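# Starting from these lines, generate the structure:
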Amino acid sequence: SAPGSCADMEGLADAVLGFKVYAVSGMDEIWGALDHWRFEKVLEAGRDLGQIILLHAEDREYVDNASEHYRMLGDDPRKWYEARPELAEELAVASAIRICALVGGNLHIVHVGTAEAADMIADADGFGKGGGNGSRSWKVTGETCPQYLAFDLGDFEEQGAVLKVAPPIKSGGNADGLWRALADGGLYFCASDHAPGAPGEKEAGDIWCNSAGIAGTGTILPYLFSEGYVAGRLSLSQFLRASSENAARRYGLFDRKGSIAEGKDADLVLVDPEASWVVDQAKFLSKGRLSPFNRRKFDGAILRTLVRGTEVWNRERGLIGVPGHGRLLKRGEYHD
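Numbers count the residues shown, from 1 in each chain. Okay, here's the model as predicted:
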């Protein structure tokens, strides 16, 4: 988008919790991309509006040129990864941090899949490590997703398009670093990056043509509970911060959301920690019915879900929420 279109942000600022932009995406024909100068202008506009800018961080020059090369060499999952490897993410994160510092921006980097990129974010902001950025005029945080914690390149080669995401699943060893960053606060929380493509969008037989993204909302909390808390990678307080508290803090909702406290919305998930269950993608409450977690066993079964004290789902009856019960969320006075 051109810098002049940043004026459109002002009319939306009161209705959104942040603005997402792409250095490059998995579907540029839909989402577009920002060069460094345009990204600088968007950060400035976000700063002036008191808004967070969310960035999909992959270096466009690297990805565009590498994709042109590797697409001629094959249509398998490894070629998709080789066109968007760790370095592509690291270059984008490094430049974004530098620009954010220059303009005094407020930046959140989404779906981080590379341990080195997570370290860059932690070093830039120090959030969760006892210091934060103090009186500094700029801020950087990041998030990861279950798919980057659970899978590596070998899994992507085995599962193919079902596990095609952008940024792609990376080589082995990254997940350990991401878990550490999530535990110590270097990465602020975990998000689903939910992209519920229909099965037909994953059946092209050519990894370059398949839709990028997975259905993530049905597995994110069970995965973090099972493989984070129960498995001992996260303490209970770390699990709560990664799954609820820190997202509410970052988006200015902690006055209502993110913890159990008097006066807050009673958004509750009741879990039986002694029960286990097996993922069945056919039962997802989403248009997307393909999951790389299908048939995977998780420890800890969700029994009931309440929104503002009203039960909207339970294990026996399924979805029981009434349409119209939801409310538009706007940033409050409190935010990090």
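
# What is the longest helix along the chain packed up against?
What stands out as the longest helix in the chain, according to DSSP state H, is helix 86-103. Contact partners of helix 86-103 among helices and strands, from 3 or more C-beta pairs under 8 Å, 6 or more residues apart in numbering; DSSP states H and E: helix 36-49, helix 60-71, strand 106-109, helix 115-125, strand 139-144. Backbone N, C-alpha and C define where each C-beta goes, glycine included.

# Mind checking what secondary structure Arg180 has?
Here Arg180 is recorded as helix under DSSP: H, G, I helix; E, B strand; the rest coil.

# what's the burial count for it?
16 (other C-beta atoms under 10 Å).

# Report the contact partners of it.
Counting by C-beta atoms under 8 Å, 6 or more residues apart in numbering, Arg180 makes contact with Gly186.

# Relative to Arg241, how far out is it?
In this view, Arg180 and Arg241 are 14 Å apart by C-beta to C-beta, to the nearest Å.

# Next: Asp123.
Note on Asp123: its distance to Arg241, by C-beta to C-beta, is 20 Å.

# more neighbours, the two?
Neighbour totals were compared for Asp123 and Arg241, and Arg241 leads with 24 against 12 (other C-beta under 10 Å).

# which ones are touching the residue lying closest to that one once chain neighbours are set aside?
Spatial nearest neighbour of Arg241, chain neighbours left out: Phe189 (7.0 Å); criterion: C-beta to C-beta, 6 or more residues apart in numbering. Residues counted as contacts of Phe189 (C-beta under 8 Å, 6+ apart) are 143, 182, 241-243, 245-247, 250.

# any idea which of the residues you listed has the most stuff around it?
Counting neighbours by other C-beta under 10 Å, the top entry in the contacts of Phe189 is Leu182, with 29 neighbours.

# what's near enough to touch the nearest residue in space to it that is not next to it in sequence?
Closest residue in space to Leu182, ignoring its immediate chain neighbours: Ala242 at 5.3 Å, by C-beta to C-beta, 6+ apart. By C-beta under 8 Å, 6+ apart, the contact list for Ala242 reads 182, 189-190, 224, 228, 234.

# Provide the secondary structure category for Ala242.
Here Ala242 is helix, with the state taken from three-state DSSP.

# Can you check what pLDDT the model gives it?
For Ala242, the pLDDT comes out at 98.
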